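K.L.:
Sequence below, structure please.
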Amino acid sequence: MAGRRIVVVGAGITGLAVAHRLLGDHPEFDLLVLEAGTAPGGRIRTSPFAGLPVDEAADAFLVRVPWALDLCSELGLADELVAPHARTASVWLDGALRPLPSPNVLGIPLDPASVADGILPPEALEQLSGDGRPDTALPDGDLSVGQVVRPCVGDAVFERLVDALLGGINAGRADDLSCGVMAPQLLAAARRPEGLLTALRSAQQGVDPSAPVFNAHPSGMGHLVDTLAENLGDRLRLRSAVTGLGRTDAGWLVGTAKGVEVADAVVLAVPAFVAADLLTPIEAEAADHLAQVPHASVSLAAFAYRRSDLEVPGDQSGFLVPRDAGLLLTACSYTGSKWAHLDTGDRVLLRLSAGRIDDPRHAEMDGDALERALAGDLATTIGVEAPPAAVRISRWPRSLPQFAPGHADRMAAIDSRLAEVAPGLLVTGAFRHGVGIPACIRSGIEAAAAVAGHVA
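P.N.:
Now for the predicted structure:
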């Protein structure tokens, strides 16, 4: 294996995870990471705002799945991580902010007594008091989140709570999203003979309610990216867009503006549509599958208000906005309440999101118009009339892949096809297991194992 050359295309968190695992497990490999942009990290970016390091996209990662926490431990960052200070949230329903029921699993209340007035109609509360068994058995195979949740706990729970949470996370429609990708625990629980609610309640019995759900780095999630990039040293080349792929008897040819790199194996850790363009001359069928993955565009804004103009609940992390509320705003995070290290004495920091797969209005607005629209939604929801003292808007076009039911099978078909006709070429990224940081790291670790097995 000594001297085997592997080229990783893309230095987002997935590509950095590929490189980290290969560097740690196979230091004998000749590793090169090519990144088109001027900085690593892809859609993980931290920059100064109101004098503090505030993330422009993902600001935390789930700890109930291992991949991100394990990576932080390997990098010596685990002891530096922090958990949210505020653990409760609200949802904007019928013109008012109402507390998100707790405990809940992805928006599904486990105790009807925890559901405040105005959140659900009486018939929904009655259904929540049962076991969550659907009237007829769920079909086999992967299903949409809606196909799982609606028959088990009703339309109101799905539309007012679950879609607001899961659909908001992915800027998608939970009726169209794969439950196997987005919420595998719900799919498994819904197929249990005792019913979805009984299964979820049983699983919650062993969960410490005080245990953190999320972790973050106080310097921002960009610190994780910076640490990974620093460990790569000159193996990472920025401003090195890949313009094409080819093959000869010598191996894979990776074309860039500065020349051609020859490799024994290549990992494309890029968005699905970028991978599709590069794959088209090599394997058109796999490229077509990737090209058909829809992507939602979103905008995230940071607003800083003078504390004399706005106070937000110190025990609340923010609120969600369901799709039928008629607002541009999809979620608001009370950044200083959520994270103690971002709580300033004279400023109240908010992070706002806009955009869904079926709502591109934000992308059609210039910065001033988007700021005004979001400020108007804040006036509606939390009553702040004063203008923000500082604003930062981050645009993320085509950033969130949408996972239709059967997505995992399509990914397996792509892998099988590439293994047959293009051995040594792998594709991975946020389009594989999900858009969260742990899912992207998982995708990178799995790709590293596969490519190492190929060149061994």
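K.L.:
got the contact list for the helix or strand of the chain with the lowest mean pLDDT?
P.N.:
When each helix and strand of the chain is scored by mean pLDDT, DSSP states H and E, helix 168-170 comes last, with a mean of 90. Helix 168-170 is contacted by residues 177, 182, 296, 320-321, 330-331, 353, 400, 402-403, 435-436 when judged by C-beta atoms under 8 Å, 6 or more residues apart in numbering. Yep, even glycine has a C-beta here, placed from its N, CA and C like the rest.
K.L.:
Could you list the buried residues of the lengthiest helix in the chain?
P.N.:
Longest helix in the chain by number of residues (criterion: DSSP state H): helix 437-455. In terms of neighbour count (16 or more other C-beta atoms under 10 Å), helix 437-455 has its buried residues at 437-448, 450-452, 454-455.
K.L.:
For P101, give me phi and psi.
P.N.:
The phi/psi pair for P101 (degrees, to the nearest 10) reads phi -60, psi 140.
K.L.:
Chain neighbours aside, what residue packs nearest to it?
P.N.:
P109 (3.7 Å; C-beta to C-beta, 6 or more residues apart in numbering).
K.L.:
Tell me which helix or strand T136 sits in.
P.N.:
Applying DSSP states H and E as the criterion places T136 outside every helix and strand.
K.L.:
Contacts only, for it.
P.N.:
Contacts of T136 (C-beta under 8 Å, 6+ apart): P151.
K.L.:
For it, report the pLDDT, please.
P.N.:
The predicted structure scores T136 at 91 on the pLDDT scale.
K.L.:
And E56, by the same measure?
P.N.:
For E56, the predicted pLDDT is 98.
K.L.:
so what's the residue nearest to P101 up against?
P.N.:
P109 neighbours (C-beta under 8 Å, 6+ apart): 101, 103, 115, 120, 128, 157, 161.
K.L.:
how near is the closest residue to the second one other than its chain neighbours to S202?
P.N.:
Looking back up the chat, that one is P103. Leaving aside its sequence neighbours, P103 sits nearest to L110 (C-beta to C-beta, 6+ apart; 4.8 Å). Distance, L110 to S202, using C-beta to C-beta, to the nearest Å: 10 Å.
K.L.:
cool, and V65?
P.N.:
On the measure of C-beta to C-beta, V65 and S202 end up 20 Å apart.
K.L.:
For the stretch 201-350 of the chain, which segments are assigned as strands?
P.N.:
Using DSSP state E, counting those that start in this stretch, the strands of the stretch 201-350 of the chain run over 214-215, 236-237, 242-248, 251-256, 259-263, 265-269, 295-306, 316-320, 329-334, 347-354.
K.L.:
and the second one, what other elements does it pack with?
P.N.:
Packing contacts for strand 236-237, counted by 3 or more C-beta pairs under 8 Å, 6 or more residues apart in numbering; DSSP states H and E, involve strand 30-34.
K.L.:
picking that back up, quick one: mean pLDDT for the longest helix of the chain?
P.N.:
97.
K.L.:
need the next SSE after the least confident helix or strand of the chain, C-terminal direction.
P.N.:
Following helix 168-170 in sequence order, the next helix or strand is helix 179-182 (DSSP H and E).
K.L.:
The contacts of P109 in helices, which ones?
P.N.:
Judged by DSSP H, the subset of the contacts of P109 located in helices is 128, 157.
K.L.:
min pLDDT across the contacts of P109, which one?
P.N.:
Here the lowest pLDDT out of those sits on P103, with 92.
K.L.:
and it, what is it in contact with?
P.N.:
Shown in contact with P103 (C-beta under 8 Å, 6+ apart): 109-111, 114, 204, 209.
K.L.:
could you redo the last one with a cut-off of 10 Å?
P.N.:
Listed by C-beta atoms under 10 Å, 6 or more residues apart in numbering, the contact set of P103 reads 109-111, 114, 200-201, 204, 207, 209.
K.L.:
again with R442
P.N.:
Contacts of R442 (C-beta under 10 Å, 6+ apart): 14, 17, 65-68, 70-71, 428, 432-434, 436.
K.L.:
quick check, nearest of the residues you listed to A257?
P.N.:
The closest of those to A257 turns out to be T14 (C-beta to C-beta; 23.0 Å).
K.L.:
quick one, whichever helix or strand that closest one is part of and strand 265-269 angle?
P.N.:
T14 is part of helix 13-25, with elements assigned from DSSP H and E. Taking axes from the mean of the first three to the mean of the last three C-alpha atoms, to 10 degrees, one finds that helix 13-25 is oriented at 140 degrees with respect to strand 265-269.
K.L.:
Okay then, goodbye and thanks.
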